[in-house]
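Visitor: structure of the sequence below:
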Amino acid sequence: MTDRSDLTNLPSYRQPRRSVLSARRIALMASVVAGLGIAVHGFSPSTSPADLFSSPAHAQVNNEVKKVDRPIGFADIVERVKPSVISVKVNIKEKTASNDDGDDSSPFQPGSPMERFFRRFGGPDGIPGLKGGGRGRVVQGQGSGFFISADGYAVTNNHVVDGADKVEVTTDDGKTYSAKVIGTDQRTDLALIKVEGGSNFSFAKLADSKPRIGDWVLAVGNPFGLGGTVTAGIVSASGRDIGNGPYDDFIQIDAPVNKGNSGGPAFDTNGEVMGVNTAIYSPSGGSVGIAFSIPAATVKSVVAQLKDKGSVSRGWIGVQIQPVTSDIADSLGMKKAEGALVAEPQKDGPAAKAGIESGDVITSVNGESVKDARELARTIGGMAPGASVKLNVLHKGQDKVVNLTLGQLPNTVEAKADIDNDSGKGASKGTDVPKLGMTVAPANSVAGAGKDGVVVTEVDPKSAAAERGFKEGDVILEVGGKSVSTAGDVRDAITAARTDNKNSVLMRVKSGGQSRFVAVPIAKG
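Guide: Numbering: from 1, shown residues only. Take a look at the predicted model:
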């Protein structure tokens, strides 16, 4: 009998092992080639390694590799547009730095959400020497800008040159020029400057079309004094409202921008300016990838007026407006939460003269639908004073057309005195309004509250009224479209709304000298 362990010494046993091993090695090589995305044609297990690398298939593999293109970059665009971008340096005298943190650069109210989360990234911030107090020093600030014409007109941000005693710009080739401020517009944070000493500057074109979300964007500017810096990203959103004012309509981009980029351009892939960089979202002060640009359409309109007369005139109808929420729409019997609700028309303003009243909803301007209060403000503000407009208005549940002539938006807002915080002291406790969680008293019984409406004397912190922002001292003027002067009037109006199967009742409230409408949910039964 033959010992089975001796079979390993037989030639007939070792030869198949080498064949299997070779086949395995070849299969592994083939899998690697396939993993590289390269097709190997005509391969079979019988092909030897030497045949594999000398076969026509290998020549085809090499040809395929040579056809792979390099990634497309932005160098050609940058080379063309970069000479139009400038660094802006300003000197501001008698700057007071009074912030205990040593950062007096924020233009927002200390402690406000805007001050905490949004930071301007130009002007006199990020510059050594600002920390600490003191008057009489010369503070240097820096930002960015870009030429819009060969004769030296350039665009930057208002907050970059605001209050500047001296403005200098440095071009991409390192030359420095003096500049003067032609005009500024605080509401859109734009400024037009004129560079002296040249007539053949490279300039950029403002785009005619709006960018789409997802389009490439290139930001060029002077972050932290590092002039000529280029970053890339995409348009991540549009129509952003960052709480800067009624004309907010920012493009949101994710191209990295930082302090010093203010006033610099955001280019599209056609080499045209889609927007002017003006603010960043930054809890830390540095870039976290969210920046905001003023759209080119707004820049065109503002710059044209600044060049012509050094200031911007806007249309004005004289109303205090607020958004139409779903609760307010339900209270007014509207199918959609659209339009702008008139909280209060200004006395002797164009709207008041034309018959527009508190509680009216402006739904369209010259036949164009109004989506919300911000859109109405931008639409009217974009028109010239003296223009005639046709407004479609929902008035007490009925549609009507109002024709009026626009006035000019005042440069300053008339201050209104706040109601005395102690106005509720000494007044009667008030009468409870059931299921709303507040008590009210006739306004004429509370010193300083006026003659109209009822004053809120107490609010349950866990009530529906507290959730809607009611506080002691607020004056309720109307409930459900009817004037009220007693707690009984308030109860009757709520009962009427409940009878009409409404989920909420609309109240016109005066607080701090300003009027607004509040939709308060009402319990059934």
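Visitor: dead centre of the chain: give me the residue that sits there.
Guide: Centroid-nearest residue in the chain, with C-alpha atoms, centre = their mean: residue 240, separated by 3.1 Å.
Visitor: contacting residues around the residue nearest to it when sequence neighbours are not counted?
Guide: Excluding its sequence neighbours, the residue lying closest to residue 240 (C-beta to C-beta, 6 or more residues apart in numbering) is residue 250, at 4.2 Å. Heads up, the C-betas are built off the backbone N, CA and C, glycines and all. Contacts here follow C-beta atoms under 8 Å, 6 or more residues apart in numbering; on that basis residue 250 touches 238-242, 275, 278-279, 292-295.
Visitor: drop anything exposed from those residues.
Guide: Buried members of the contacts of residue 250, scored by 16 or more other C-beta atoms under 10 Å, are 238, 240, 275, 278-279, 292-295.
Visitor: does residue 293 have beta-bridge partners, and which?
Guide: When bridges are called by DSSP bridges, residue 293 pairs up with residue 251, residue 277.
Visitor: so who does it touch?
Guide: 250-253, 266, 274-278.
Visitor: cool, residue 88 as well?
Guide: By C-beta under 8 Å, 6+ apart, the contact list for residue 88 reads 122, 142-145, 156, 160-161, 167-169, 179, 193, 222, 263.
Visitor: among those, which are located in helices?
Guide: Judged by DSSP state H, the contacts of residue 88 include 160-161 as members of helices.
Visitor: does residue 386 touch residue 405 like I think?
Guide: Yes - shown here, residue 386 and residue 405 form a contact pair, counting by C-beta atoms under 8 Å, at 6.4 Å.
Visitor: would you map the strands across the stretch 101-250 of the chain?
Guide: For the stretch 101-250 of the chain, applying DSSP state E, counting those that start in this stretch gives strands covering 118-120, 138-147, 153-156, 166-170, 176-185, 190-195, 216-221, 229-240, 250-253.
Visitor: to residue 318, which of the ones you listed lies closest?
Guide: Shortest separation from residue 318 across the strands of the stretch 101-250 of the chain is recorded for strand 176-185, at 20.7 Å, computed as C-beta to C-beta.
Visitor: and that closest one, what other elements does it pack with?
Guide: Where contact means 3 or more C-beta pairs under 8 Å, 6 or more residues apart in numbering; DSSP states H and E, strand 176-185 is packed against helix 158-161, strand 166-170, strand 190-195, helix 296-309.
Visitor: and the ones you listed, which is most packed in?
Guide: Stretch with highest mean neighbour count among the helices and strands packed on strand 176-185: helix 158-161 (a mean of 26; mean count of other C-beta atoms under 10 Å).
Visitor: what residues does that helix touch?
Guide: 88, 90, 107, 120, 122-123, 141-145, 167, 181, 184-186, 188-191, 193, 262-263, 278.
Visitor: among the residues you listed, name the buried ones.
Guide: Applying 16+ other C-beta under 10 Å to these flags 88, 90, 107, 120, 122-123, 141-145, 167, 181, 184-185, 188-191, 193, 262-263, 278 as buried.
Visitor: residues contacting the closest residue to residue 276 other than its chain neighbours?
Guide: In space, and not counting its chain neighbours, residue 276 is closest to residue 294: 4.5 Å by C-beta to C-beta, 6+ apart. By C-beta under 8 Å, 6+ apart, residue 294 lies in contact with 188-190, 250-251, 275-276, 278.
Visitor: still on that earlier bit, residue 82: which of the helices and strands packed on strand 176-185 is closest?
Guide: strand 166-170 (13.1 Å).
Visitor: okay but residue 330 is in contact with residue 519, surely?
Guide: Yes - counting by C-beta under 8 Å, residue 330 touches residue 519, with 7.1 Å between them.
Visitor: need the overlap of contacts for these two.
Guide: Common neighbours of residue 330 and residue 519 (C-beta under 8 Å, 6+ apart) are residue 504.
Visitor: so which of those two has more stuff around it?
Guide: Each of residue 330 and residue 519 has its neighbours counted (other C-beta atoms under 10 Å); residue 519 has more, 21 against 18.
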